[in-house]
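[1] Here's my sequence, what's the structure:
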Amino acid sequence: MHNESTKTLVLDGIEIAVTVKSIKHLRLVVHPDGRVRASVPLHTSQAQVDAFLRARLEWIRSQKERLEARQSKMILEDGSVIQLWGDDIRLRIITGRNRTRQTTAELVIAVTDPTDQRSIDAKLTNFYRREVQAVLPDLISKWGDALGRHPSRVSLRAMRTRWGSCTPTTGAIRINPALAAFHPGCLSYVVLHELVHLTEPGHGPKFQSLMDKHLPTWRTVRAKLRQGDGSFLSHPVGGDKLEPSPENFPVGGLRNRSND
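    Residues are numbered from 1 along each chain as shown. The predicted structure is shown next:
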């Protein structure tokens, strides 16, 4: 394989789009819609590509199954259970134009048509956005002070494949509001991760050293986020336990709240 190109391979019934490009390492990703894409360096032989993909077939299958299971649960209706800061909370969907209300036991969303998934999703997304907005400034201040580097701009952006992103040249960072579904420590980790990237764009030894210094449990958090496990930090995992203390999250517990 010597020219930059994209072609589709089928291995054990799984279609994989393989793109040859100017990179150093082979990469593999399963997109939220189930598409599988591999990026391989120039001059990689077909045998090397096949071996790389076959060695990861079980991982690809598990990721696709996880995504399919998640998509099958995406229909939100009255009585559904969703996650808020890592805890299960009952979703109440009522007819009306009232404000979204949250108690410690349930989240009440009012829509004109309770069967309109788009409206329900929009209301839930807005609720998550407000939840993150309420605590993000304290986290930015905390980690920015610890690192001696503050972002020039912070924004919330719904991203399908990332929890956060940054632009080191401008100092801007972006945070996924869907993190409100996860334990507060997950948001704290993502904020720290992106702020460290303002100084260390890559994931090399310097980046890892800074993460180890400020959040020794960051690898556990990252692994569980990749698995889509939002409640793991409220229970011991591999000997680690991270409670929502002031060191990890500037506000404690759920609060009664009403949002538009």
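
[2] which stretches of this protein form strands?
    6-11, 14-21, 27-30, 36-41, 81-84, 87-95, 100-102, 106-111, 153-156, 164-167, 172-175, 257-259 (DSSP state E).

[3] Pipe these into TSV and attach mean neighbour count and distance to residue 145 per row.
    Placement of C-beta: from N, CA and C, glycine included. Formatted as TSV, the strands of the chain follow (neighbours: other C-beta atoms under 10 Å; distance: least, C-beta to C-beta, whole Å):
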stretch	mean neighbour count	distance to residue 145
strand 6-11	11	45
strand 14-21	16	39
strand 27-30	16	35
strand 36-41	18	38
strand 81-84	17	28
strand 87-95	15	29
strand 100-102	18	30
strand 106-111	20	33
strand 153-156	14	15
strand 164-167	18	18
strand 172-175	21	15
strand 257-259	14	27
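
[4] now these as CSV including mean pLDDT and distance to residue 200?
    Converted to CSV, the strands of the chain look like this (pLDDT from 0 to 100; distance: least, C-beta to C-beta, whole Å):
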stretch, mean pLDDT, distance to residue 200
strand 6-11, 88, 31
strand 14-21, 91, 24
strand 27-30, 90, 20
strand 36-41, 91, 23
strand 81-84, 87, 31
strand 87-95, 89, 33
strand 100-102, 84, 37
strand 106-111, 90, 38
strand 153-156, 94, 19
strand 164-167, 89, 11
strand 172-175, 94, 14
strand 257-259, 38, 36
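
[5] Among the ones you listed, single out whichever gets nearest to residue 197.
    With C-beta to C-beta, the closest approach to residue 197 among these belongs to strand 164-167: 4.7 Å.

[6] In contact with the residue nearest the centre of the chain, which residues?
    Of all residues in the chain, the one closest to the mean position by C-alpha atoms, centre = their mean is residue 163, 3.5 Å from it. Taking C-beta atoms under 8 Å, 6 or more residues apart in numbering, we find residue 163 in contact with 175, 176, 178, 179, 186, 190, 225.
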